[in-house]
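Trainee: Here is a sequence together with a model predicted from it:
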Amino acid sequence: MKPKYYITTPIYYVNDQPHIGHAYTTIACDVLARWKRLDGFDVMFLTGTDEHGQKVEKAAADAGIPPQEFTDRVSVHFRDMTAAMGISNDDFIRTTEPRHVASCQELWRRLQANGAIYLGGYEGWYAVRDEAFYDEGELTTRPDGTRVAPTGAPVEWVVEPSYFFRLSAWQDKLLEFYESHPDFIAPATRRNEVLGFVKGGLKDLSISRTSFKWGIKVPGDDAHVMYVWLDALTNYITAAGFPDADAENWRFWPADLHMVGKDILRFHAVFWPAFLMAAGLAPPTRVFAHGWWLIEGEKMSKSLGNVVKPADLVEKYGLDPVRYFLLREVPFGNDGDFSRRALISRMNVELANDLGNLAQRSLSLLARNCEGRLPPRGPATEEDTAILAAAEALPGLLRGHLDRQAFGDALEEVWKVIRAGNFYIDQQAPWALRKTDTVRMAAVLRVLADVLRGVATVLQPFMPGSMGRMLDQLGVPDDARELAALASPLPDGTVLPTPQGVFPRFVEEAG
Ligand code: ME8
């Protein structure tokens, strides 16, 4: 049986249109999902939309339409973004679906049955933009007198009856859990932040609201809707079939990785494992909090008019270059600055020059001098052995890096081999061998074809379209594109289709 791998994106609020930040998280997950499939795993990859709560209710009211109609409309934009980014998700969950309502209500009942919930009253600060409660001590006052949360979100004073989750009872158990699962929170700096927060003391958490209606009803008490974060986090078990323990997808729980932005780590690394353990369910294996993108040095915002729409980028630069750039430009986990100049530079230097030229030179020499067929390997020279060994080491190296979500390190390993390939082709000069030693020329071109096959195979998760085309041109059949297939050489004489450039240079239009 194949090992399983369950990976999730956050589910995005439908108060807004998708932008490059949402695309980033989803693409990172897509690369990992594709990588695991390539590596022989049985993968479940989930994304979706978070549709309840005060913030969405307000956005619907501002748009002048009922919330259900509003969420139907906006959720489609996220679905479209998923398609436009070439995302291979297995499911797309919406929190307004009946399966999710049933799942949340059952989780609530289990928490109640286990004595984890009590009825009380909430009096304190709430930020609708963050859908989060804040303590007085966390707030600052703006010059105009408004009180704001550390995130900059304005807060309002809320007084209402509320059910509470006994989070305070989980402080020691969570600390023990983090201790015994050192890889649960990554990167390490974020782990330390969470540890600090939990050590600072946990208060019981308000998990229901009565001042608005747009949410999942609390079982047995219609006056309350569930706190949107309890509702939202539960999506990860809903999609796995909760509460049906016989559901086909229940074998995927616990999730292997919840990928999130650093803004929502606390919800995933503190509240979520506490909810699950209190309900008698297993917590996820790992939560990775990545960094934040700025746009040419500025915070992305509608008022600044600098919101980068993923579909516009794809139209201008192509999908694969955008996917590549986002995961290559900044070490995953750090904040980054999105600049078109940097994107164009990576397209031209790393994709067109380094990889594109290596492929183009090798494939056109094969087409012209080997009748478009894959020649046999010859007796290996030291140089042949070295570059082939470097290419063969890639799957193992990438496995290590990608299990730590170190996308940049993984790509750097591949580029080391690509650069070595360009050095090899210059040094061996197969174009010169054509006149002096055609047998050696053919052997050199075979080495290059094998190296390119290794490179294109491991890069498929990052750039599925262009690497698919490169494997086509290398004569690799569809059923020989997994990592395991690299162990079997392609048969000598394999017919190679006419080569076509995979990565053209990007030339900025004048003006
Ligand atoms: O928080 N840079 O949804 P959301 C990088 N519904 N990533 C960014 C980004 C940026 N500038 N802007 C957004 C919610 N993101 C909740 C989640 S999960 C159970 C519920 C990404 O629509 C990043 O992944 O506000 C961040 O965590 C997420 O979008 C927030 O999306």
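Mentor: Received, thanks. None of these values were measured; they are calculated from a predicted model.
Trainee: Every contact and neighbour count from this point should use C-alpha atoms.
Mentor: Noted.
Trainee: for the ligand, what are the nearby residues on this structure?
Mentor: 10-13, 21-22, 25, 50, 232-233, 260-261, 263-264, 291-294 (CA under 6 Å from any ligand atom).
Trainee: hmm, try it at 5 Å
Mentor: Selection of the chain residues close to the ligand by CA under 5 Å from any ligand atom yields 10-13, 21-22, 25, 50, 232-233, 260-261, 292-293.
Trainee: pLDDT, secondary structure and distance to Asp478 added to these, as JSON lines?
Mentor: Shown next, in JSON lines, are the residues of the chain next to the ligand (pLDDT from 0 to 100; DSSP: H, G, I helix; E, B strand; the rest coil; distance: CA to CA, whole Å):
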{"residue": "Pro10", "pLDDT": "98", "secondary structure": "strand", "distance to Asp478": "32"}
{"residue": "Ile11", "pLDDT": "98", "secondary structure": "strand", "distance to Asp478": "33"}
{"residue": "Tyr12", "pLDDT": "97", "secondary structure": "strand", "distance to Asp478": "34"}
{"residue": "Tyr13", "pLDDT": "95", "secondary structure": "strand", "distance to Asp478": "38"}
{"residue": "Gly21", "pLDDT": "96", "secondary structure": "helix", "distance to Asp478": "33"}
{"residue": "His22", "pLDDT": "97", "secondary structure": "helix", "distance to Asp478": "31"}
{"residue": "Thr25", "pLDDT": "98", "secondary structure": "helix", "distance to Asp478": "28"}
{"residue": "Asp50", "pLDDT": "98", "secondary structure": "strand", "distance to Asp478": "37"}
{"residue": "Ala232", "pLDDT": "98", "secondary structure": "helix", "distance to Asp478": "38"}
{"residue": "Leu233", "pLDDT": "98", "secondary structure": "helix", "distance to Asp478": "37"}
{"residue": "Val260", "pLDDT": "98", "secondary structure": "strand", "distance to Asp478": "33"}
{"residue": "Gly261", "pLDDT": "98", "secondary structure": "strand", "distance to Asp478": "35"}
{"residue": "Trp292", "pLDDT": "96", "secondary structure": "coil", "distance to Asp478": "37"}
{"residue": "Trp293", "pLDDT": "96", "secondary structure": "strand", "distance to Asp478": "36"}
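Trainee: From Gly64, how far out is the residue of the chain most remote from its centre?
Mentor: Going by CA atoms, centre = their mean, the residue of the chain most distant from its centre is Thr436, 50.5 Å out. From Thr436 across to Gly64, the span is 77 Å (CA to CA, to the nearest Å).
Trainee: May I have the secondary structure class of Asp337?
Mentor: At Asp337 the chain is in strand, as set by DSSP: H, G, I helix; E, B strand; the rest coil.
Trainee: Determine the number of other residues adjacent to the nearest residue to it once chain neighbours are set aside.
Mentor: Nearest residue to Asp337 in three dimensions, chain neighbours excluded: Leu294, at 4.8 Å (CA to CA, 6 or more residues apart in numbering). Look at Leu294: counted by other CA atoms under 10 Å, it has 19 neighbours.
Trainee: Surely Leu294 forms part of a strand?
Mentor: Yes: the assignment for Leu294 is a strand, going by three-state DSSP.
Trainee: I figured it hits Val330, correct?
Mentor: No: Leu294 is beyond contact range of Val330, at 11.7 Å (criterion: CA atoms under 8 Å).
Trainee: so what's in contact with the two at the same time?
Mentor: Common contact partners of Leu294 and Val330 (CA atoms under 8 Å, 6 or more residues apart in numbering): Gly336.
Trainee: pLDDT value on the closest residue to Leu230 other than its chain neighbours, please?
Mentor: Distances taken as CA to CA, 6+ apart put Ile207 closest to Leu230, at 6.9 Å, once the chain neighbours are dropped. Ile207 carries a pLDDT value of 98.
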